[in-house]
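> Give me a 3D structure for the following:
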Amino acid sequence: MQRVRSKLRKKPLTQFVLATLCAAGAQVSHAQTSGDLGSVQSTAVSSSDSTTAANRKVESAPAQAPSQGSLTATEPQSTISRRYIENSTAPTANYSDIANIAPSVQSVNPNGPGLMESAGVTIRGFQDGQYNVTFDGIPFGDTNDFTHHSTSFFTPQVLNGITVDRGPGDASQIGFATFGGTLGMQSKDPTMTPSASLIGSYGSFNTWLTGAEFNTGDIQQLGDARAMFGYTQSSSDGYLTNAAQRRQNVYFKLEKPLGDDTLLTLFATYTKIHQDVSLGATAAQIAQFGPNFGLSSDPTSQAFSGYNFDLINTDFEYIGIQTKVAQWMIDNKLYTYGYYHNGFNGMDPNGETPNGTIFGANNVPGQEMNNNYRAWGDVLRAQRDLGPGTLELGTWLTYQTNFRNNFNVDDSLNFAFISPNFSMNDNFLTLQPYMQYALKLPYGLTITPGVKYVSFTRHLYSDMNQGSGTPVDFSHTWTKVLPSLQIHEQINPVWSAYAQYAQGFLAPNLNALYVNNPAISGQPSPELTDNYQIGTTYKTDRVTASVDLYYIDFKNAVTSQTIGGVTFFQNAGGAIYKGLETEGTYYAGLGFSVYGNFTINSAKQKGTNDWMPNAPRDTAAFGLIYERGPVTGSLITKFIGRQYGLTGNQIPIGGYAVTNLATGYTFKSPTPWFRDIRLNFQIDNLFNRTSIDWLAGQTVADGTPLYYTVPGRAFIGTMQMDF
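Below you'll find the predicted structure:
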């Protein structure tokens, strides 16, 4: 014991982190009530210790943990493994449904897992558009407001894991919205041995999914190339009435060594979606028709499902090269992705605007829109050992072109054109070079200062500006130098601590240019943050445990309000985000583990002390996991605390908890033709909690609040056959 005490006295960062975490817990609570190729990667990509954990024996805490911290991370981070995705989530799930298990994360999916775009996904109260979403380290999303479409691009079948970084990261963490964190997806790799899988699922709401995946294995005749092909198709009537969805996805990945020091990667995925979209229901509609009211089956209603739907096609491709040149390890990804959206909606699906168009007094008025964009970009990372540390250099360059229009139509006459609302073209250019140096000191201490330069340029040109209806041709550039400093201490092989300071930056949304003359009216200031975080992680076969404390000074905080399906943004001034986050897993033995996380979060405006919208006061998850031999199981409850739908503490949304049950059994080599046959059965929302969980927006005519509710109890069974 004396030896341990002596060692800790040599660890100043450890003493600081532990003392601060212990002292700050009560204060936060009081405020609440008032060198290989794979090493060249983004901090948003899974860290090395999580990969090690995935290879550990199944009967251990790191292997069974639904979400766990990282021993190498320099900010609060939770990694969700492929095992959790396969064993405990629905095969139709969005990435946001999977990430929901992590501390401080809230995901709202009113139609069932993956059966519509997530209505809201928050991290510490930061909204979608205020944090990054990446795939294999590549940032993607809409550039008009930096949001994402959770049903598009990727399905869970292609994912190897998800890492949630709750913070701006070091200088190498690139993206549109670095200051709110990063939700980073990682793709599966082709296997070294040939294999094939078939999957089929069926469950509540007439939901079904079929799919297949084929791995070539190592092909020596093609220089040890290996490839993976996959396809999934799903259909569902949805939990909400008349809110059906059909989705198809195909994906491909190839890895080809080029000599001893180079790896070529090709990836591509394509998605096609048809989904009927509900904009939410009023309290009166919920009371009259039930919590699952979505759309109508009446063709004379503006809420008719045949008038409210999306047709979406997406693609995402990249070419990656990992290589070694002299002393440099280099990782480069050249990529493109496209999103093509044709959307229809009734003028006022919630019934406050009467029918009638120029073609008939009883005809149903509606709108049609197109939102199409294509992005090209490159992510270059390089590192080398230099002196007593490691130098990292890199840059991210991306360019996106967008076309959007919206016009009034007569739904009764097969969407006959009436009049235009707007038609716009814009493009967006982003450049983010960075540099940092990880200085390695005695006693496992590493200090990493870094700096990143960000440049965002918007150019809007249109004969009919969306906001003003007048012509516009204007561009503006926002720039900022962002410093960061990370201190990481590897106390021993199973225990680490860190402290971090980093600045965050977010360019204004495109609607900043929706004025008569943007050159005269001036441009709004970008959103800025100063982030302070400390934390510690402990990980053995028996226990994984993480705790962190954060404080974020938020300047020019932009909030949003949705009226009639159109989102408006406003500056709420300054805000302070702060909180305490914990998570851990304990392996109890005999295949059983206990998991839990708990967070206390505060997000308040500086001047008024009002809560920021859609920022839960606390979140928690707890559950029991079992995996031993051919049997798996989990019983997990996620709790989301009280929040408000609008600024000024308006429209309170009460706290709620949802419990999910999942079981599975694998038949090993049941016949000479099958390697494994796996059966899964899952019950989402076991106790059928259907309370209001999200403010969907407001009606056009009277500003009546629209709500989403927790989707009711759902059953789904899955069979996977591996050859």
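> Count the residues that sit near residue 403.
Residues lying near residue 403 (other C-beta atoms under 10 Å) number 15. (Each C-beta comes from the backbone N, C-alpha and C, glycine too.)
> Can you tell me the element the closest residue to residue 188 other than its chain neighbours falls in?
Here the nearest residue to residue 188 in space, its sequence neighbours aside, is residue 160; by C-beta to C-beta, 6 or more residues apart in numbering that works out to 4.4 Å. Following DSSP states H and E, one finds residue 160 within strand 159-165.
> Any regions of the stretch 501-650 of the chain where pLDDT drops low?
The stretch 501-650 of the chain contains residues with pLDDT under 70 at 520-524, 557-572.
> chain center to the strand holding residue 160, what's the gap?
The chain centroid and the centroid of strand 159-165 are separated by 9 Å, computed with C-alpha atoms, centre = their mean, to the nearest Å.
> so what does it touch, helix or strand wise?
When contacts are defined as 3 or more C-beta pairs under 8 Å, 6 or more residues apart in numbering; DSSP states H and E, strand 159-165 sits against helix 48-55, strand 77-81, helix 82-88, helix 95-99, strand 182-187.
> Could you tell me the angle between that strand and strand 77-81?
Inter-element angle recorded for strand 159-165 and strand 77-81: 170 degrees (by axes from the mean of the first three to the mean of the last three C-alpha atoms, to 10 degrees).
> Just the CA atoms of strand 159-165, as PDB, please.
Extracted in PDB, the C-alpha atoms of strand 159-165 (Å, rounded to 0.1, in the frame of the first residue of the first chain):
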ATOM      1  CA  LEU A 159     -21.100  -0.400 -38.700                       C
ATOM      2  CA  ASN A 160     -18.300  -1.900 -36.500                       C
ATOM      3  CA  GLY A 161     -18.900   0.600 -33.700                       C
ATOM      4  CA  ILE A 162     -19.700   4.200 -32.700                       C
ATOM      5  CA  THR A 163     -17.600   6.500 -30.600                       C
ATOM      6  CA  VAL A 164     -19.100   9.500 -28.900                       C
ATOM      7  CA  ASP A 165     -16.600  12.300 -28.100                       C
END
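> Partner strands of it, with direction?
Next to strand 159-165 in the sheet, as set by DSSP bridges, lie strand 77-81 (antiparallel), strand 182-187 (antiparallel).
> burial measure for the residue nearest to residue 188, as a count.
Around residue 160 there are 16 other residues, counting by other C-beta under 10 Å.
> try the one 5 residues further on
The local packing count at residue 165 equals 30, with neighbours defined by other C-beta under 10 Å.
> residues touching it, list them.
Residues counted as contacts of residue 165 (C-beta atoms under 8 Å, 6 or more residues apart in numbering) are 43-44, 73, 75-77, 173, 181-184.
> now, among these, which is nearest to residue 396?
Taking C-beta to C-beta as the measure, residue 396 lies nearest residue 173 of the contacts of residue 165, at 10.0 Å.
> Give me the phi and psi angles of that closest one.
The phi and psi values for residue 173, taken as degrees, to the nearest 10, are phi -80, psi 100.
> Name the residues of the longest strand along the chain that are buried.
For the chain, the longest strand by residue count, based on DSSP state E, is strand 416-441. Under the neighbour-count criterion of 16 or more other C-beta atoms under 10 Å, strand 416-441 has 418, 422-424, 426-438, 440 buried.
> Could you look over the strands paired with strand 159-165 and pick the most buried one?
strand 77-81 (a mean of 27; mean count of other C-beta atoms under 10 Å).
> and which of the contacts of residue 165 is nearest to residue 150?
Distances from residue 150 to those, taken by C-beta to C-beta, are shortest for residue 183, at 10.2 Å.
> For the closest one, give me its contacts.
Residue 183 sits next to 95-96, 99, 121, 123, 131-134, 162-165 when contact means C-beta under 8 Å, 6+ apart.
> re the thing from before, chain center to the longest strand of the chain: distance?
Relative to the centre of its chain, strand 416-441 is centred 17 Å away, using C-alpha atoms, centre = their mean.
> what packs against that strand?
Applying 3+ C-beta pairs under 8 Å, 6+ apart, we find strand 416-441 packed against strand 365-386, strand 389-410, strand 445-464.
> List the neighbouring strands of the helix or strand hosting residue 340 plus their orientation.
Using DSSP H and E, residue 340 maps to strand 328-346. Applying DSSP bridges, strand 328-346 is found paired with strand 309-325 (antiparallel), strand 365-386 (antiparallel).
> hang on, the earlier thing: tell me who's in contact with the residue nearest to residue 188.
Each residue near residue 160 by C-beta under 8 Å, 6+ apart is listed here: 46, 82, 186-189.
> Turn those into a markdown table, including pLDDT and distance to residue 663.
Below are the contacts of residue 160 laid out as a markdown table (pLDDT from 0 to 100; distance: C-beta to C-beta, whole Å):
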| residue | pLDDT | distance to residue 663 |
| --- | --- | --- |
| 46 | 38 | 27 |
| 82 | 95 | 18 |
| 186 | 97 | 26 |
| 187 | 97 | 27 |
| 188 | 96 | 24 |
| 189 | 96 | 28 |
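> can I get these in CSV with distance to residue 392?
Formatted as CSV, those follow (distance: C-beta to C-beta, whole Å):
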residue, distance to residue 392
46, 18
82, 28
186, 20
187, 23
188, 26
189, 24
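> which among those residues gets closest to residue 412?
Distance to residue 412 across these (C-beta to C-beta) is lowest for residue 187, with 45.3 Å.
> which residues sit in contact with that closest one?
Residue 187 touches 135-136, 158-160, 253, 267, counting by C-beta under 8 Å, 6+ apart.
> Quick check: residue 498 touching residue 536?
Yes. The pair residue 498 and residue 536 qualifies as a contact (C-beta atoms under 8 Å) at a distance of 7.5 Å.
> ok so, going back, can I get the strands paired with strand 328-346 in TSV with mean pLDDT, distance to residue 340 and mean neighbour count?
Converted to TSV, the strands paired with strand 328-346 look like this (pLDDT from 0 to 100; distance: least, C-beta to C-beta, whole Å; neighbours: other C-beta atoms under 10 Å):
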stretch	mean pLDDT	distance to residue 340	mean neighbour count
strand 309-325	97	5	18
strand 365-386	97	5	18
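> Which of those sits closest to residue 494?
Between residue 494 and the strands paired with strand 328-346, the shortest separation by C-beta to C-beta is 25.3 Å, and it involves strand 365-386.
> and residue 185, how far is that from residue 667?
With the distance defined as C-beta to C-beta, to the nearest Å, residue 185 ends up 30 Å from residue 667.
> measure residue 116 to residue 195 for me?
Distance from residue 116 to residue 195, by C-beta to C-beta: 33 Å.
> Kindly report the same for residue 648.
In this view, residue 648 and residue 195 are 56 Å apart by C-beta to C-beta.
> So those two - more neighbours on which side?
residue 195 (16 against 12).
> need the contact list for the more buried one.
Contacts of residue 195 by C-beta under 8 Å, 6+ apart are 214-215, 217, 675, 722-723.
> what's the distance between stretch 391-399 and the middle of its chain?
Offset of stretch 391-399 from its chain centre (C-alpha atoms, centre = their mean): 22 Å.
> got the CA coordinates for it in CSV?
C-alpha atoms of stretch 391-399 as CSV (Å, rounded to 0.1, in the frame of the first residue of the first chain):
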residue,chain,number,x,y,z
LEU,A,391,4.3,15.6,-34.3
GLU,A,392,0.9,15.5,-36.1
LEU,A,393,0.0,17.5,-39.1
GLY,A,394,-3.1,17.5,-41.3
THR,A,395,-5.8,19.3,-43.2
TRP,A,396,-9.4,18.9,-44.2
LEU,A,397,-10.7,20.5,-47.3
THR,A,398,-14.3,20.2,-48.5
TYR,A,399,-16.5,21.8,-51.1
